[in-house]
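>>> build the 3D model from these lines:
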Amino acid sequence: MSEEFPTPQLIDDLEQHPQHDNARVVKDLLAGTAGGIAQVLVGQPFDTTKVRLQTSNTPTTAMEVVRKLLANEGPRGFYKGTLTPLIGVGACVSLQFGVNEAMKRFFHHRNTSESSTLSLPQYYTCGVTGGIVNSFLASPIEHVRIRLQTQTGSGASAEFKGPLECIKKLRHNKALLRGLTPTILREGHGCGTYFLVYEALIANQMNKKRGLERKDIPAWKLCIFGAFSGTALWLMVYPLDVIKSVMQTDNLQKPKYGNSISSVAKTLYAKGGIGAFFKGFGPTMLRAAPANGATFATFELAMRLLG
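Predicted coordinates for the structure are as follows:
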């Protein structure tokens, strides 16, 4: 990489915050939690629409899903299963950023060049590592959320009365970690792309204005950079997300689509061709920009507030 296109640190400047500063870890986790909460609050209605499209057994459209949801369940229906991701996504984003920061410290210590920054491939590797580690937390959280999002009954007719009952039934059927493999693949490559694109945009911005510090980049630009990063993430991994959603909404005892990525993919293709892997793509892309813009902007602003 040329000297004209430097790559700044994603979370902080390691020269200003040395490795032994344990308070940085706590601040990274707190800022990540704030970013995760913002992501859920902004993106949940889009996510609910996406999941119902992905798992629908009959041809439908996003507008039809929204219309039926409003008619049958009201506006609150968009936030079904929100409690689980509100808590869980905050934890997941904290873990992503925490592991990402630890990996950056590792590379920074390992690098022998005089540069205090990492290369873009190293940033990608940091993101991949954070995504893979996060998968073991994200998979069960998303499984519970998706089960709650896709049930249309309420009250006595609801299959699950809430997150705790859902977890109990999934554990009873030894299915809590169903969908872990596609989650690992999605999160690994997805987070690698996510952080790489964001970091490249930050680097480009700082290259345009000599002397510009990361903390001086306005929030609206952080939102735009986050929006591009989130969009790039989903463009890279969307078919895997469809496979994961189908696995996590299939029959608990006798899965109709199978228990592996290959069996689910074959069944999906047989039923709907290539288009089956892109069900719900529109709502996902609509969600990606505002949800991830909010995530990165909230994270960066929280880091500035925490110091």
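
>>> find the helix or strand that residue 210 is a member of.
Residue 210 belongs to no helix or strand when assigned by DSSP states H and E.

>>> look up how far residue 36 lies from it.
34 Å (Cβ to Cβ, to the nearest Å). Using the backbone N, CA and C atoms, a C-beta is placed for each residue, glycine as well.

>>> residue 289 too?
17 Å.

>>> comparing those two, which residue is more hemmed in?
residue 36 (26 against 20; other Cβ atoms under 10 Å).

>>> quick one: low-confidence ranges for this protein?
1-21, 81-82, 84-85, 113-116, 153-157 (pLDDT under 70).

>>> just the helices in it please.
Along the chain, counting by DSSP state H, helices occupy 22-54, 62-73, 83-110, 120-150, 163-172, 180-208, 219-249, 261-272, 281-306.

>>> helices or strands up against the second one?
This points to helix 62-73. helix 22-54 (3 or more Cβ pairs under 8 Å, 6 or more residues apart in numbering; DSSP states H and E).

>>> which other helices and strands contact the helix it packs on?
By 3+ Cβ pairs under 8 Å, 6+ apart, helix 22-54 packs against helix 62-73, helix 83-110, helix 120-150, helix 219-249, helix 281-306.

>>> so how far is it from its chain's centroid?
7 Å (Cα atoms, centre = their mean, to the nearest Å).

>>> let's have the helices and strands packed on helix 22-54 in a markdown table, adding distance to residue 172.
Listed next are the helices and strands packed on helix 22-54 as a markdown table, based on distance: least, Cβ to Cβ, whole Å:
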| stretch | distance to residue 172 |
| --- | --- |
| helix 62-73 | 27 |
| helix 83-110 | 18 |
| helix 120-150 | 13 |
| helix 219-249 | 16 |
| helix 281-306 | 31 |
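
>>> let's have the helices of the chain in a markdown table, adding distance to residue 255.
Output for those, formatted as a markdown table (distance: least, Cβ to Cβ, whole Å):
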| stretch | distance to residue 255 |
| --- | --- |
| helix 22-54 | 16 |
| helix 62-73 | 24 |
| helix 83-110 | 22 |
| helix 120-150 | 13 |
| helix 163-172 | 13 |
| helix 180-208 | 14 |
| helix 219-249 | 7 |
| helix 261-272 | 9 |
| helix 281-306 | 24 |
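
>>> number of nearby residues for residue 29?
18.

>>> which residue sits closest to it in space, ignoring its chain neighbours?
residue 94 (4.4 Å; Cβ to Cβ, 6 or more residues apart in numbering).

>>> from residue 164, how far out is the one you found?
22 Å.

>>> neighbour count: the two, which is higher?
Ranked by neighbour count (other Cβ under 10 Å), residue 94 and residue 164 place residue 94 first, with 22 against 11.

>>> contacting residues around the more buried one?
Residues in contact with residue 94 (Cβ atoms under 8 Å, 6 or more residues apart in numbering) are 28, 29, 30, 32, 33, 36.
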